[in-house]
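Q: Sequence and predicted structure, then a few things I'm wondering about:
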Amino acid sequence: MSHQDADLAATFSQASLARTRQRSAEIDAEITKDPSRFRVLTGDRPTGKLHLGHYFGTLANRVKLQDRGVDTWVLVADYQVITDRDGVGPIRERVLSLVADYLACGIDPDRSTIFHHSAVPALNQLLLPFLSLVTESELHRNPTVKAELEATDGRAMSGLLLTYPVHQAADILFCRANLVPVGKDQLPHLEQARVIANRFDKRYGRADQDRPVFRRPEALLSEAAALLGTDGYKMSKSRRNTIELGMDADTTAKVLKKAVTDSDRHITYDPENRPEVANLLLIASLCSGEDPAALAAQIGDGGGGKLKAVTTEAVNEFLAPIRARRAELIADEGYLLKVLAAGNARANEVADQTLADVRTAMNMDY
Ligand code: TRP
C-alpha cells in the first residue's frame with residue numbers, strides 16, 4: 001500500500017468506501033432515469049499534456065455523462081497549478097492544449113461548459129467566507145494535501161496548498177454541481193465541500209432551511225484501474241512515463257518500445273505476477289475492445305517485442321481520429337479562445353448569481 005493509500009484508508013474506512021461505491025451505482029441508475037437532475041463538475045490542472053491514463057480514467061467517462069444528457073461543466077483549474085510549484089509555467093499554451101484535448105475527445109462545447117478559474121472572479125471570492133468555515137487543524141489533516149506536500153520533496157507548505165481544498169469546494173459549490181466524478185484521492189476534497197455547504201447553510205441559511213444556498217455534491221467514484229506508465233509505475237506526467245493523446249504515431253512506437261516488460265517470452269495476462277506485461281495488454285485491450293487474455297493468447301511466444309507492436313498498433317489506431325482532430329484544433333487558437341470565452345461567460349453568470357445569494361444570506365447585500 002502506498003503512503004497515500006494508507007492515509008486515505010485511515011480517513012475513509014473500507015466501509016465508507018464501500019458505501020460510496022454503492023451510492024455511485026445508485027446514482028448511475030438515477031442518471032439513466034432522469035439525467036436532468038444532475039449537474040456534473042470536474043476539472044484538471046493545466047500542468048501538462050493529457051495522456052491515455054486521463055482518457056480511460058476520466059475523459060471517456062465525462063463524454064459518456066455528457067452524451068447521456070447530464071449538464072457537464074469542465075474546469076481548467078489554472079489557479080490550482082501554483083499549489084505545489086513556484087510558477088505557472090507555459091500556462092497559456094497548456095490551457096489551450098487542455099481545451100484542445102477536451103474537444104478532440106468529444107466534449108461538446110454546445111452541450112458542456114468549459115471555463116477556467118482566473119476568468120470567474122465571483123467563484124474565487126467565495127473562498128473568503130468559505131475559509132472562515134474551516135479550521136487550520138482540519139486543513140492539516142487532509143490526507144491528499146499531505147500526500148501532495150510529501151511528493152514535493154521537502155517544500156514548505158504554502159498557504160494555497162493548505163487551503164486549495166476550500167477553493168476546490170468553491171469550484172463545485174458555485175455552479176451548484178451535485179455530482180463530481182472522481183478517483184478516490186479526491187474524496188477528502190468532496191467531503192470538505194459538503195462540510196462547507198452544511199456549515200454555511202447552518203450559519204447563514206434561513207431558519208426554516210427549505211431553501212439552502214448550496215447543494216450537497218456527491219461523488220461518482222471511478223472504478224477505472226489506474227494505467228501504469230512505460231516504466232511500470234503509475235502513468236503520470238510528473239514521471240514522464242506517459243503516452244500523450246497528442247503524440248504522433250512514431251513517437252508512440254518509440255516510447256512503447258522502451259516500455260518495461262519481463263524476461264518470459266510467453267505472454268500471459270497475469271496482473272498479479274506480471275504487472276508490466278498485463279498493463280500493456282490492458283492498454284491494447286482498452287484501445288481495441290478485445291479481451292486482454294485473448295490478446296495474450298494471440299501473441300503467445302512472440303515475447304515483449306510482439307506485445308509492444310500489438311499495443312502500439314492498437315493505441316495508434318484508436319488515437320488516430322482524436323489526434324487528427326486535436327491537430328486541427330491546436331492550429332485554430334481563435335476557436336479555442338472562443339470556446340473558453342463562451343464557457344467563462346456562462347460560468348460568470350452562474351457565479352455572480354451564487355455570490356449574490358451568499359451576500360444576501362450573510363446580510364451583506366447593501
Ligand atoms: N484537484 C483535481 C485534480 O488534481 C482538479 C480539480 C480542480 C477538480 N477543481 C476540481 C476536480 C473540482 C473535481 C472538482 O485532479
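A: That came in fine, so what should we check first?

Q: what's the neighbour count on the closest residue to Cys105 other than its chain neighbours?
A: In space, Cys105 comes closest to Leu59 once its chain neighbours are excluded; the distance is 4.8 Å by Cβ to Cβ, 6 or more residues apart in numbering. For every residue, glycine as well, the C-beta is placed using N, CA and C. A total of 24 residues lie near Leu59 under the criterion other Cβ atoms under 10 Å.

Q: Poorly predicted segments of the protein, please.
A: Residues of the chain that meet the criterion pLDDT under 70 lie in 1-12, 207-209.

Q: wait, isn't Phe38 in contact with Asp71?
A: Yes - between Phe38 and Asp71 there is a contact under Cβ atoms under 8 Å: 7.0 Å.

Q: thinking the residue nearest to Cys105 is in contact with Gly53, fair?
A: No - Leu59 lies out of contact with Gly53 (Cβ under 8 Å); the separation is 9.8 Å.

Q: Can you give me the neighbour number for Ala226?
A: Look at Ala226: counted by other Cβ under 10 Å, it has 14 neighbours.

Q: host element of it?
A: Ala226 is part of no helix or strand, with elements assigned from DSSP states H and E.

Q: Need phi/psi at it.
A: phi -70, psi 130 (degrees, to the nearest 10).

Q: What separation is there between it and Lys49?
A: In this view, Ala226 and Lys49 are 18 Å apart by Cβ to Cβ, to the nearest Å.

Q: Could you check how far Ala60 is from Ser16?
A: Distance of Ala60 to Ser16, given as Cβ to Cβ: 27 Å.

Q: can you check Ser24 too?
A: From Ser24 to Ser16 the distance is 13 Å (Cβ to Cβ).

Q: quick one: which of the two has more around it?
A: Remark: of Ser24 and Ser16, Ser24 carries more neighbours, 18 against 12, as counted by other Cβ under 10 Å.

Q: what's the offset of the host helix or strand of Leu128 from the middle of its chain?
A: Element membership of Leu128, judged by DSSP H and E, is helix 127-131. Mean-position distance between helix 127-131 and its chain equals 23 Å (Cα atoms, centre = their mean, to the nearest Å).

Q: and if you look at stretch 118-132?
A: For stretch 118-132, the distance to the chain centre is 21 Å (Cα atoms, centre = their mean).

Q: Same question for stretch 354-361.
A: Mean-position distance between stretch 354-361 and its chain equals 28 Å (Cα atoms, centre = their mean).

Q: With stretch 336-351 instead?
A: Relative to the centre of its chain, stretch 336-351 is centred 20 Å away, using Cα atoms, centre = their mean.

Q: can you check stretch 298-306 too?
A: With Cα atoms, centre = their mean, you get 34 Å for stretch 298-306.

Q: What residues does the chain have near the ligand?
A: Residues of the chain lying near the ligand by Cβ under 6 Å from any ligand atom: 41-45, 75, 77, 80, 168, 171-172, 180, 186.

Q: By neighbours, which of those wins?
A: Neighbour count (other Cβ under 10 Å) singles out Ile172 as the most crowded of the residues of the chain next to the ligand, with 28 neighbours.

Q: ok now do that residue, which residues does it touch?
A: 41, 180, 190, 193, 217 (Cβ atoms under 8 Å, 6 or more residues apart in numbering).

Q: Now that Arg194 has come up, it's in contact with Ala219, right?
A: No - checked against Cβ under 8 Å, the pair Arg194 and Ala219 is beyond contact range at 9.7 Å.

Q: With neighbour numbers in mind, choose between the two.
A: Counted by other Cβ under 10 Å, Arg194 and Ala219 do not tie: Ala219 has more neighbours, with 22 against 18.

Q: Give me the phi and psi angles of the more buried one.
A: phi -90, psi 140.

Q: Apart from its neighbours in sequence, what residue is nearest the residue of the stretch 251-366 of the chain found nearest the ligand?
A: Of all residues in the stretch 251-366 of the chain, Ala347 sits closest to the ligand, at 12.6 Å by Cβ to the nearest ligand atom. Nearest-residue entry for Ala347: Phe115, 3.9 Å, with adjacent residues in sequence omitted and distances by Cβ to Cβ, 6+ apart.

Q: thought the one you found was touching Val76?
A: Yes - in this structure, Phe115 is within contact of Val76 by Cβ under 8 Å, at 7.0 Å.

Q: intersection of neighbour lists for the two?
A: Shared contacts of Phe115 and Val76, counting by Cβ under 8 Å, 6+ apart, come down to Leu340.

Q: who are the neighbours in contact with whichever residue of the stretch 201-350 of the chain sits closest to the ligand?
A: For the stretch 201-350 of the chain, the residue closest to the ligand is Pro217, as judged by Cβ to the nearest ligand atom, at 8.6 Å. The contact partners of Pro217, taken as Cβ under 8 Å, 6+ apart, are 41, 172-173, 177-180, 190, 193-194, 197.

Q: So which of the residues you listed sit within strands?
A: 41, 179-180 (DSSP state E).

Q: how far away is Pro46 from Val40?
A: Distance from Pro46 to Val40, counting by Cβ to Cβ: 19 Å.
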